[in-house]
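In: Based on what follows, work out the 3D shape:
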Amino acid sequence: MSDLFWLSDAQMARLEPYFPKSHGKPRVDDRRVLSGIIFINRNGLRWRDAPKEYGPHKMLYNRWKRWSDKGNFAHIMAGLAAEHGEKKTVMIDATYLKAHRSASSLGAKKGGRGRLIGRTKGGMNTKLHAICDSNGRPISFFVSAGQVSDYIGARALLSSLPDVDWLIGNRGYDADWSREAVQDKGIRACIPGRKQRKTTMKYDKRRYKRRNRIEIMFGRLKDWRRVATRYDRCPKAFFSAIALAATVIYWL
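Out: Next up is the predicted model:
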């Protein structure tokens, strides 16, 4: 088999339970098509630049578009990540993902308002909020426009926290409501206090040093060029690229 093919038999066996059922004609070889989709996303190429070993580029794009619209890639990542088995510690953080000019035209007539792209000091960006386990493996994601605060991402993610002992986050998550929400779940917060607080917030400094694992996770996701730079106008397609990268890097 060509070195261009990414997925082993064992990896395909883990993925197959999450594939949509084929209706009518059987699908073209899933391993070949998914390998082509991974190749394009990993290298940030146009679909027409896919090597011929993967088959017609229109076939690759059509599979990518159809499965992205249906949320299949996000479903695969969520299903595999649900097996994380974490009982001790999770981490929360967010990072900016640069939007390419092909994705960031925001005219209302072109449907720009719903693209989850916003203007920040660094230009046009999308923001990726994430929770990962103690090994730095992503458990859940939330995507927003770049100017959205960490608090909004926390509100979206805290409701889905697993049953663990600790949550580690930076001072951007220091708020009374977030600490109370975490405490209500029986989880202890390891979050330093904001500088504006009048009283010093105590936290486990030794435990807090482990937070670099979620930053390493973001760095590995950004090794995939279609994640580091957002070329897709459709937020579902972009979220699918993030979910696919996380699946291949951490959950297969």
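
In: Show me what the helix or strand containing Ala130 packs onto, helices and strands only.
Out: Using DSSP states H and E, Ala130 maps to strand 123-133. Other helices and strands packing on strand 123-133, by 3 or more C-beta pairs under 8 Å, 6 or more residues apart in numbering; DSSP states H and E, are strand 89-99, strand 118-120, strand 138-145, helix 150-158, helix 212-221, helix 235-250. All C-beta spots, glycine's among them, are computed from the backbone N, C-alpha and C.

In: and if we set it to 6 Å?
Out: Using 3 or more C-beta pairs under 6 Å, 6 or more residues apart in numbering; DSSP states H and E as the contact test, the elements touching strand 123-133 are strand 89-99, strand 138-145.

In: Gln11: which of these is closest?
Out: Proximity to Gln11, assessed across the helices and strands packed on strand 123-133 by C-beta to C-beta, is greatest for strand 138-145 (17.5 Å).

In: So what are the sheet partners of that closest one and their directions?
Out: Strand pairing for strand 138-145, determined by DSSP bridges: strand 123-133 (antiparallel).

In: Give the buried residues for the strand holding Ala130.
Out: Neighbour-count burial for strand 123-133, counted by 16 or more other C-beta atoms under 10 Å, picks out Met124, Asn125, Thr126, Lys127, Leu128, His129, Ala130, Ile131, Cys132, Asp133.

In: List the contacts of that strand.
Out: Outside strand 123-133, the residues within contact range by C-beta atoms under 6 Å, 6 or more residues apart in numbering are 84, 86, 90-92, 94-99, 104, 116-117, 138-144, 146, 148, 153, 157, 214, 217, 230.

In: swap in stretch 37-48?
Out: Contacts with stretch 37-48, where a contact means C-beta under 6 Å, 6+ apart, come from Trp6, Ala50, His57, Leu60, Tyr61, Trp64, Trp224, Arg225, Arg226, Ala241, Leu244.

In: okay if I get these as JSON lines plus distance to Asn43?
Out: What follows is the contacts of stretch 37-48, written out as JSON lines (distance: C-beta to C-beta, whole Å):
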{"residue": "Trp6", "distance to Asn43": "12"}
{"residue": "Ala50", "distance to Asn43": "10"}
{"residue": "His57", "distance to Asn43": "14"}
{"residue": "Leu60", "distance to Asn43": "13"}
{"residue": "Tyr61", "distance to Asn43": "15"}
{"residue": "Trp64", "distance to Asn43": "14"}
{"residue": "Trp224", "distance to Asn43": "8"}
{"residue": "Arg225", "distance to Asn43": "6"}
{"residue": "Arg226", "distance to Asn43": "8"}
{"residue": "Ala241", "distance to Asn43": "12"}
{"residue": "Leu244", "distance to Asn43": "13"}
